[in-house]
Every structure is written in structure tokens, then in C-alpha cells.
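1. Here is a sequence together with a model predicted from it:
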Amino acid sequence: MTVTAPSPGPSAAPAITPTLRAQVRRRRAWIVIAVVLVLGALVLLVVQGGMRAPGPALGADNPAPAGSKALVEVLRAQGVTVTEAATIDEALAGARAGSTVFLFDELGILGEERLDELSAAADRLVIAQPGFAALERLAPGVRLAGLASGPIDDVACDLRPARRADALSDGQRLLTVDDAAAASGWTGCFRDGDLGYALVSGPGASGGEVALVAATTAFTNEHVDEAGNAALALGLLGASDELVWYLPSPTDADEAAAPTIADLTPGWVTPVMVLAIAVAIVAGVWRGRRFGPLVVEQLPVQVPAGETSEGRARLYARSAARTHALDQLRIGAIERIAALLRLPRPAEVATVAEAAASATGRDAASVARLLLSDSPAHDREFVDLAADLDALEQDVRRSIRPDPDDPTRPTGRRP
Amino acid sequence: MAVTGRFVLLVALGVIPVVAAGISGADAAWLALVGWLALAVGAGALDLSLAASPRRVALTRELPDRVRLGETVTAELSVQNLGQRMLRAVVRDGWEPSAGVAGPNRTPLRIPPGERRRTTLRLTPWRRGDRRTDQVTIRAAGPLGLWARQATLAAPGRLRVLPPFHSRAHLPSRLTRLREIDGRTPLLIRGQGTEFDSIREYVRGDDVRSIDWRATARHADPEVPGSMKLMVRTWRPERDRRIVIVADTSRTAAARIADEPRLDTAWEAALLLAALASHAGDRVDFLAWDRRLRGRVHGASGAELLARMVDTMADVDAELIEADWTAVPGQVRRVTSRHALVVLLTAADSPGSARGLLSVLPQLTARHTVIVASVADPALVAASRARGSLDEAYAAAAAERALLDGERVAAAIRRLGAITVTAPPHELPPALADRYLDLKASGRL
């Protein structure tokens, strides 16, 4: 910015807001710390992300904890040819060639027809974590039964891979086999008490063999080495020389099946949502930017005047000081009645009571009791006595100065 | 830096290109989004770089010096653009909230280089004392009005808000009474505060003791030869009496009774009394005191007296400290060594808090006529009447106790020779003025 020589005239008002440079200088330490933190976080992200990209669950070449590269590599080392299939056509081709087919349909993409085709084509079909639809189609009578209670070591069947595995690690899911399914050849292995089985095997649609493993635990890199997981997985998948490792992709969905939300939304929806977030942030900055510093107001101290009186009332109430409280009311009433009746100033209470009784026409003894000796035994009586005192005072006042609007007033003199 | 609503709108308008591009595919939509955001930020940055500096600005204020509480004034602020660019600014003047700025306090201005514009704010202060502003904040937008530079500049200003003096409504009637006293001759009661006025003929009803026999001897009755006219002396209230008003600004003055702090009631009462007494020709001095002298008006008279009193009162607020009454006689002595009417505006409502006052009253009453004026709480009287429920009955007992305490203190004050004036907040100023007129009429000043 150009700065002209100061001409004689008004000078710029001194600024309270520090300049940007001054602000940066003052907060240099914090800025450096923030930059270091952000850079560190970025570096960490890059390094971590490079090391373990999440990858697909049970991916054949996925080395992440949820992947299955370990199992596939061992199978290959054992001489099994593992073919990865991403489409139903590849899987069917492999199945027709006599391969064992491993199916993990995480999203439930495969429709009924595709499942039928696959089970008809495959001699051996191993399904990890079968969904509800797949069970209904391939193994009616076998149902999902939730999580296992812990590691399972009750093999409970004659299936060879199961016998070899002998036990499964924690983290299994369970399936139940009802009587109809059992009658049609479905048997369960690895029983978890009465809850169900971790593995169910039975006949496929065209006489093939179908093994349903309720959980993915036995196949993942993370857990494959635990208990008999590896033995079960290798036994199930290594039964033949060829293995098709089939993880269905979205294109395998049935044409007839309803399209997903992602298919229905046009491409611009997500960018517009991002734009809306950006607008919200900018609007927040627009409304949130303060127009100069807050102005401090020095307020004078002010105390509600009734506080001492209220506090005292609460003290009376808390200690149930009925007699004491009533005495205060009596003293006030006696003073006012004495003043109303023009009695000489330190007046005896008895004199005041007599005068009040004669002025109001009440019974002298009861007025004296009210003003002097009645002692409230409980709260109700205290309230009544307090009200009586007030009524007496009003009566005395009325007897001295009859209310001009009172119709019951005896009409004597008229102006 | 600040962004404007226009920038928000610009960003929001990005929905059009994003949707238009999205028809052909998601990738194009993302590209359009990034492109639009970059465009908007770029336009904003460009705008910011072209904005005039809000720091190269000269500010001058034009403010009235004083205003009575409840009245409205205009505060003017001239903004001169010392920079080379057009200043498109929004200006906020940093007045305290109690200065009562009307409207949103955001003044848009367009000031070409070297020129000057004036902003006007209407202020209706709602609190007594000095209302201040320390700063002016200027937000200077660029030519596109997207981004703006903001700076806060020092520009101190002060507006003194004087006590409202509502009780001046009572002044005309009291002045009428004052004139009646002046004209009522001869006074039936003569005392220290009366002075000889004139001699005139006796009329029926005059006090026979005021017959001046020597004057009667000199005045022969022309109508009845050989007889005399009875002549009487007349008296009038003495002028140039001294009145010292001592207002207590300690913690008891902070109490709020019937929505008015005791101190404000004291100011009203002091102002009415001062106005009345200065009309009556008496000399009024004013002291505001707690443990130190908070304000003092000495030796002023007439219109100047009231002006100086409200100016002194304006900035005095009650403080949460105990009043030091022992120094009050000394303060009064410094004002006058003659007999004076000393008016103590304080709270005489409980024996505990009035002990200090009671201990020094004899010193004051020995020399002066003393009035102790205090505010009575109408809420206490109302509470002592309500006895419907248990809580109300206890509250009535406590209120009765408080009233009796006040009575006791008042009785003690009267026993020490002082006069008490106790009234609810709005009735205290006229009650005090009436008591002053009574004293004046009876010549006890």
C-alpha cells in the first residue's frame, strides 16, 4: 500500500486491532505447533494408508487383517490353483470345470437365480457367512442363530475337515438345522451347546456338496492361525486342485432386482451436498464474525431490599418458631391499635385489649387472650391466630373510621 | 477479515454449474464443484486485495456533554477516508449497551478518497453516570462486496447522564407554599430562624405579644384624637440559612426498593430540597459520603447549584462498604461552623446498621437541626398484611419485625433530638420538602 507523506490535516485514528503481521508474530509459537501437528498427522496418514489399505473383506490378495491372502497363499503353496473370480460368469466357468467354489457375498448381491445356477454347477461350494436369502434358497431349514458364546471344540460330525480342525476359535456365528433340513441331509458341525452349529454341510441342488460356514473368522488373515481355523479352511477349500475364489461384484446383481440408492441418484447429488456443507461453513463465518470486540459494561451493585425480611421468614419457618413469630405480629398489632385508639404511649397490653374490646364490641377476655396469651400448638392454629389479629385490627380501624362506602353503617348525621 | 452475505450467495450459486455438469456424469460434477469453489475464493481474495484500508481513517466525534436520564441525544461521528481507494464501509460505534443506541448500530458508508461522511446515532441512555465508547469498528468491503477488511480504531467518547430529577414535578406546589409562608405576617411562632420584617397596624387575630408599644406610642390615630393605633411587629422567615445535605452512598444505598435503588431516591430528594431551598434564599451544600467523600458541592447557588449537584451525582454509585459515620460531623464542620439544617439521606431500618449513625447523632444535634430521611419499603407493609397461608404468616411476622426495628431506630433518632422523615420511594422527596417548609415556617432553621 502506498503511503503518502502526512499532510497537515486529520491524522488516522490509532488502531486497536493488531495488523496481520503483528498477529502472526504474536502467535508464532502456536502457528508453528499447529503446522507441525498437521504435518505429522498427514505423514502418519500417508504411511499408515500405504501400509494397510483396507481392501475388500476376504480378498484373495488382501493382506489386511480382514483379508484372506494368508489362506490363499498357503493353498497355492499346497498346489491348489486359486482363481479369483469377480463375476458370476467366471465363477460358473470355474465351477463347471470341476473346481471348488468359495463364495463370500458380503452385500447379498447374488439373486436367487444366480445362487441356483452356482449351486447347480459347483461340485463343492463353500459359502462363508451366508445371508438370509442365500440360506432360504440353498438350504431351506437352515437358519441364522446369532453369535457363538465362545471357542467351539465340540466337533459333533464326521466331516473330515471338521474332524481335523477339532476346534474353532472365538468369534464364530451359528446356524440351526431344523428337522426337515436334517431329513434332507443337512448336518451341523461344531456345536455350541444347544445354540447351533458353526458349520453346516449338505447336498447341493445337483448333488454337489455345499458347506456353509456361518462366520468369516476361519478365513481371515487375523484369525486363520487360531485354534483349528486353518485346518478347517484348508480342508474345505483344498479338497480339489482347483479353487475359484468368488467375491461377487455389483454387476452380478440380478437385472430384475431393485436398483440400489446409489444407482438411482444422479451424479451431482454428492457434489451438491458437499457444496451445501461449504455454504453452511461460509454462512457460519459470515454470521459468526464479530463486529469488533465486545463492549464491557460496569454495572452498579443493587440488592433487593426485601431479602433480609424474607430470610428471617424462612428462619422462622424452618425452626417452626410459631410463638415468636406470633409475638412479632402481636407487638405490631398492639402498637397500631394503641395508636388508633389514642391510648397514652407506653400502654399496658391489658389496657389496649380492653379498649379494643370496647371499641369493637368483642368479648374482652377473648381479645386479651388473642393479644396476650394464646399459644399456637400447630401451624393451622398459628395461621388462624395471625388472621384473627389482622381481623381485630381491621375491626378497631372500622370502629374508629367507619368506611364511608359501607352500607351497613348506621346513618346518623348527614352533611 | 470478514465475508459478506453476498459471498455466501456466490458459493451457494455453485449449485447451478454443479448440477448442470452432473447431468453428464459424477466426475464432471466434482470438477465443477472444485472449480466453482476455487473461483469464489479467488474472487474473494481479489476483492479483499482491492478493498480500502479501514485503518487509514480519521475519526472525529460531536457529542453533547450531558443528558438527563430518559432523554434522547444524537451522537455524531465523522469518518474521513485518508486512503487512496473508495471506502465502502460499515461502521459500528462501540457504545456501552446502557448508552441505549437506537437501531442496529451498523451504519453503511461510501466515502471517496479524502472525503468525509457523518454518521448519526440516537442515544437514549437508560443508566445514570458516564456512558462511554472507546472504539469504532470499521468493516471495509472490496468493490465486489465479497470479502471485507475489518479494524477497530480507538475513538474515545463520553456522555454524562444526569439523574432524571422526576421529583421536580413537586416543586411548583412547594414553591407556592413557600410564598405563603413568606407573606404570612406576623408569624405566630418566633424563633432563631426568623427576622424582623416591618411594623404595621394591629388587626384582630394577631398575637398580642407582638404588639410593639413604642411604635404604638409614636402612631397617633388621626380619626380619634388622643388615641393611639396599635402597632405590631411582623416577622418573616430568615434567609441565608445553611442546609447541608449528606447522602449515604454505602451498602445500604444499594438496596432496591420498589424498583428504585435507595441512592436514586436520595438523589431525587436532595435535588428537590436543594431546588426549594435555593428559591427560599438558603445556602445549600451537598456531600456524598461513605468512607470517603464521593462528591461535594459547596458554595453554589441558584441554577448553578442544581447543575453542579446533578453533575456530581451522575457518576456516584453505591459501594458495598460500611459507612463511616464518625467522620460526618467533621465533614459538616468543614462546610459550616454556624447552625445549619443537616439532612442525612440514609437507611435507618435496623438497629445493627444504624448503630454508627446513632453514635454520632448527638454531636450533630448539639449544634444543628438534623433530619434523618430514609426510604420505607412498601413491600414490607404489604407483606405484614398478608396472612392467608403458613408461609405468608411467617413472612408477615418477619415483615412486622422489620417494621418494628425501623420504628425502634426512628424512636432512638428522635430521642437524640433529630427529626425523622420516612416514606416510600416516590413520596420521600415531597415529604422531605414538606418537613423543610414546616421547619422554615416555624422558624427552626
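-> Alright, I've got the coordinates. Residues are numbered from 1 along each chain as shown, chains lettered A, B, ... in the order given.

2. show me where the stretch 51-200 of chain B has strands.
-> Assigned by DSSP state E, counting those that start in this stretch, the strands in the stretch 51-200 of chain B fall at B:57-62, B:66-68, B:73-81, B:87-95, B:107-111, B:116-123, B:129-141, B:147-162, B:194-201.

3. Compute the inter-axis angle for the fourth one and strand B:73-81.
-> The one in question is strand B:87-95. Relative orientation of strand B:87-95 and strand B:73-81, computed by axes from the mean of the first three to the mean of the last three Cα atoms, to 10 degrees: 140 degrees.

4. Among the strands of the stretch 51-200 of chain B, which comes closest to B:Ile23?
-> Nearest to B:Ile23 among these is strand B:147-162 (31.8 Å), distances taken as Cβ to Cβ. Where C-beta positions appear, they are placed from N, C-alpha and C, glycine not excepted.

5. that older thread, in terms of mean pLDDT, which of the strands of the stretch 51-200 of chain B ranks lowest?
-> Comparing mean pLDDT across the strands of the stretch 51-200 of chain B, the weakest is strand B:194-201, with a mean of 72.

6. for the helix or strand just after it, packing partners?
-> Note on strand B:194-201: by DSSP states H and E, the next helix or strand toward the C-terminus is helix B:213-218. Helices and strands touching helix B:213-218, as assessed by 3 or more Cβ pairs under 8 Å, 6 or more residues apart in numbering or on different chains; DSSP states H and E, comprise strand B:231-237.

7. mind giving me JSON lines with the strands of the stretch 51-200 of chain B and columns for mean neighbour count and distance to B:Leu230?
-> As requested, those are exported to JSON lines (neighbours: other Cβ atoms under 10 Å in any protein chain shown; distance: least, Cβ to Cβ, whole Å):
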{"stretch": "strand B:57-62", "mean neighbour count": "18", "distance to B:Leu230": "69"}
{"stretch": "strand B:66-68", "mean neighbour count": "17", "distance to B:Leu230": "54"}
{"stretch": "strand B:73-81", "mean neighbour count": "19", "distance to B:Leu230": "62"}
{"stretch": "strand B:87-95", "mean neighbour count": "23", "distance to B:Leu230": "71"}
{"stretch": "strand B:107-111", "mean neighbour count": "16", "distance to B:Leu230": "79"}
{"stretch": "strand B:116-123", "mean neighbour count": "16", "distance to B:Leu230": "66"}
{"stretch": "strand B:129-141", "mean neighbour count": "23", "distance to B:Leu230": "61"}
{"stretch": "strand B:147-162", "mean neighbour count": "20", "distance to B:Leu230": "54"}
{"stretch": "strand B:194-201", "mean neighbour count": "15", "distance to B:Leu230": "7"}
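
8. Now render those strands as JSON lines, adding distance to chain A.
-> Output for those, formatted as JSON lines (distance: least, Cβ to the nearest Cβ, whole Å):
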{"stretch": "strand B:57-62", "distance to chain A": "3"}
{"stretch": "strand B:66-68", "distance to chain A": "18"}
{"stretch": "strand B:73-81", "distance to chain A": "5"}
{"stretch": "strand B:87-95", "distance to chain A": "5"}
{"stretch": "strand B:107-111", "distance to chain A": "11"}
{"stretch": "strand B:116-123", "distance to chain A": "8"}
{"stretch": "strand B:129-141", "distance to chain A": "3"}
{"stretch": "strand B:147-162", "distance to chain A": "4"}
{"stretch": "strand B:194-201", "distance to chain A": "31"}
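
9. residue contacts, residue 208?
-> Since no chain was named, I'll use chain A. With contacts defined as Cβ atoms under 8 Å, 6 or more residues apart in numbering or on different chains, A:Gly208 is in contact with A:Ser119, A:Ala120, A:Ala122, A:Asp123, A:Arg124, A:Leu125.

10. wrong one, chain B
-> By Cβ under 8 Å, 6+ apart, the contact list for B:Val208 is empty.

11. ok, it to chain A distance?
-> According to Cβ to the nearest Cβ, to the nearest Å, B:Val208 and chain A sit 32 Å apart.

12. I'd say A:Leu125 and A:Gly207 touch.
-> No: counting by Cβ atoms under 8 Å, A:Leu125 stays clear of A:Gly207, with 11.7 Å between them.

13. Who has more neighbours out of the two?
-> When A:Leu125 and A:Gly207 are compared for neighbours, A:Leu125 comes out ahead with 26 against 8, by other Cβ atoms under 10 Å in any protein chain shown.

14. which residues touch the more buried one?
-> A:Ala95, A:Thr100, A:Val101, A:Leu103, A:Leu118, A:Ser119, A:Gly204, A:Gly208, A:Glu209, A:Val210, A:Ala211.

15. where does the stretch 151-300 of chain B come near chain A, residue by residue?
-> B:Ala151, B:Thr152, B:Leu153, B:Ala154, B:Ala155, B:Arg251, B:Ala254, B:Ala255, B:Arg256, B:Ile257, B:Pro261, B:Arg262 (Cβ under 8 Å from any Cβ of the partner chain).

16. I'd like the contacts of A:Leu125 laid out as CSV, including distance to B:Arg333.
-> Shown next, in CSV, are the contacts of A:Leu125 (distance: Cβ to Cβ, whole Å):
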residue, distance to B:Arg333
A:Ala95, 119
A:Thr100, 117
A:Val101, 115
A:Leu103, 110
A:Leu118, 115
A:Ser119, 117
A:Gly204, 119
A:Gly208, 121
A:Glu209, 120
A:Val210, 116
A:Ala211, 113
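
17. Can you tell me which of those lies closest to B:Leu287?
-> Of the contacts of A:Leu125, the one sitting nearest to B:Leu287 (Cβ to Cβ) turns out to be A:Leu103, at 100.2 Å.

18. and that closest one, how many neighbours?
-> 26.

19. Was I right to think it contacts A:Tyr246?
-> Yes: in terms of Cβ under 8 Å, A:Leu103 counts as a neighbour of A:Tyr246; the distance is 5.2 Å.

20. Quickly list what's touching both of those two.
-> Taking Cβ under 8 Å, 6+ apart as the contact rule, A:Leu103 and A:Tyr246 both touch A:Ala91.

21. For the spatially closest residue to A:Leu195 that is not a sequence neighbour, grab the count of nearby residues.
-> Nearest residue to A:Leu195, sequence neighbours excluded (Cβ to Cβ, 6 or more residues apart in numbering or on different chains): A:Leu174, at 5.4 Å. Number of residues near A:Leu174 (other Cβ under 10 Å) recorded here: 25.

22. likewise A:Ala183?
-> By the measure other Cβ under 10 Å, the count of residues near A:Ala183 is 10.

23. And chain A, what are its domain boundaries?
-> Per the record, chain A has its domains at A:69-252, A:316-400, by automatic domain parsing.

24. could you list every residue that touches whichever residue of chain B sits closest to chain A?
-> Nearest to chain A, among the residues of chain B, is B:Gly22, at 2.2 Å (Cβ to the nearest Cβ). The neighbourhood of B:Gly22, defined by Cβ under 8 Å, 6+ apart, consists of A:Pro266, A:Gly267, A:Trp268, A:Val269, A:Pro271, A:Val272, B:Ala28, B:Ala29, B:Ala32.
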